[in-house]
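**Q** Whatever this is, show me its structure:
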Amino acid sequence: MSQKYLPGEPHQLPRHGNKLANYKAAHVLFEVKDGVATLTLNRPERKNPLSFESYAEMRDLFRALAYADDVHAVVVTGAGGNFCSGGDVHEIIGPLTKLDMPGLLTFTRMTGDLVKAMRACPQPIISAIDGICAGAGALLALASDMRYGTARSKTYFLFNKVGLAGCDMGACALLPRVIGQGRASELLYTGRGLPGEEAERWGFYNRVCTPETVLSEAQAMAQVLVSGPTFANGMTKKMLQQEWNMGVDEAIEAEAQAQAICMATNDFHRAYHAFVAKQTPVFEGD
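**A** Numbering: from 1, shown residues only. Just a heads-up that it's a prediction; the model follows:
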């Protein structure tokens, strides 16, 4: 065990120490390896559409990640050469045409809760995107912290193609934040596809990979994050989310408080002692 520079026994904290490595997913594939959780949408015969059940399971899973100490980064991907074709036409869209207003609002709030859970979970999320990334699938990608794509992939915010507004699951808040107001407006008003190379130029993708390597490259980046100061990474994610609604003065004060908290971690002390000893710090997330 490495030296503890600060007092305290975090294993005694309530709900600390939960493990997700043994979680048995019912509607997606989920695997934890070396601190990286890989969530795979697994209906490849239909380009991985979402169902009511998979929405709810992913919402609850991302909420549970806040208490999982064996997961320090998450990769989201799709099976069979596609990311996600959005809500299942037969299992979701059809039934929605028969619901009353309270039922429709219950559904739209549930889908939004998935995005809220992704943004609130402390682990960075990387989406590995190939093929079709459409509708709610595009929002899964958008809600991630980073996106790795392929040249052949195509992302569609296609809500207006089915007579709906582009303001779905936080799209009007998140998409301008990633690619800018004008570009976001074009995609949300037209529903046109965003090809992979254009997505990288616009800043939607962090990197364009080959279809054969997109998942492995996303997992490699996740592993880099796992080897870093994971408590501090979680703080960075929280501040990136919170500061969107702050003025500059409020943001600077919030960052002063956040950084002071990080300075009271063992990882900060490990980094200092490693620097003095001319060594590379080994972070443990506490």
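**Q** CA only for contacts and neighbour counts going forward, please
**A** Noted.
**Q** Tell me which residues are up against the helix or strand of the chain with the lowest mean pLDDT.
**A** Across the helices and strands of the chain, mean pLDDT, DSSP states H and E gives its lowest value to helix 94-96, namely a mean of 89. For helix 94-96, the surrounding residues in contact (C-alpha atoms under 8 Å, 6 or more residues apart in numbering) are Leu104.
**Q** Flag every buried residue along the helix or strand that that helix is followed by.
**A** The helix or strand immediately downstream of helix 94-96 is helix 101-120, counting by DSSP states H and E. The neighbour-count check on helix 101-120 (16 or more other C-alpha atoms under 10 Å) flags Phe107, Met110, Thr111, Gly112, Asp113, Leu114, Val115, Lys116, Ala117, Met118, Arg119, Ala120 as buried.
**Q** With stretch 196-209 instead?
**A** By 16+ other C-alpha under 10 Å, the buried positions in stretch 196-209 come out as Gly196, Glu197, Ala199, Glu200, Trp202, Phe204, Tyr205, Asn206, Arg207, Val208, Cys209.
**Q** and the residue lying closest to the second one once chain neighbours are set aside, how many neighbours?
**A** The reference is to Glu197. Spatial nearest neighbour of Glu197, excluding adjacent residues (C-alpha to C-alpha, 6 or more residues apart in numbering): Ala151 at 5.4 Å. Counted with other C-alpha atoms under 10 Å, residues neighbouring Ala151 total 19.
**Q** Tell me how far Ala151 lies from Arg201.
**A** Applying C-alpha to C-alpha, to the nearest Å, the value for Ala151 to Arg201 is 12 Å.
**Q** same check, this time on Ala25
**A** Distance, Ala25 to Arg201, using C-alpha to C-alpha: 35 Å.
**Q** same deal with Thr210?
**A** Taking C-alpha to C-alpha, one finds Thr210 at 16 Å from Arg201.
**Q** now do Asp168
**A** In terms of C-alpha to C-alpha, Asp168 sits 24 Å off from Arg201.
**Q** follow-up on the earlier one: just the buried residues of helix 101-120 now: which is nearest Asp69?
**A** Using C-alpha to C-alpha, Ala120 is the member of these that lies nearest Asp69, at 15.5 Å.
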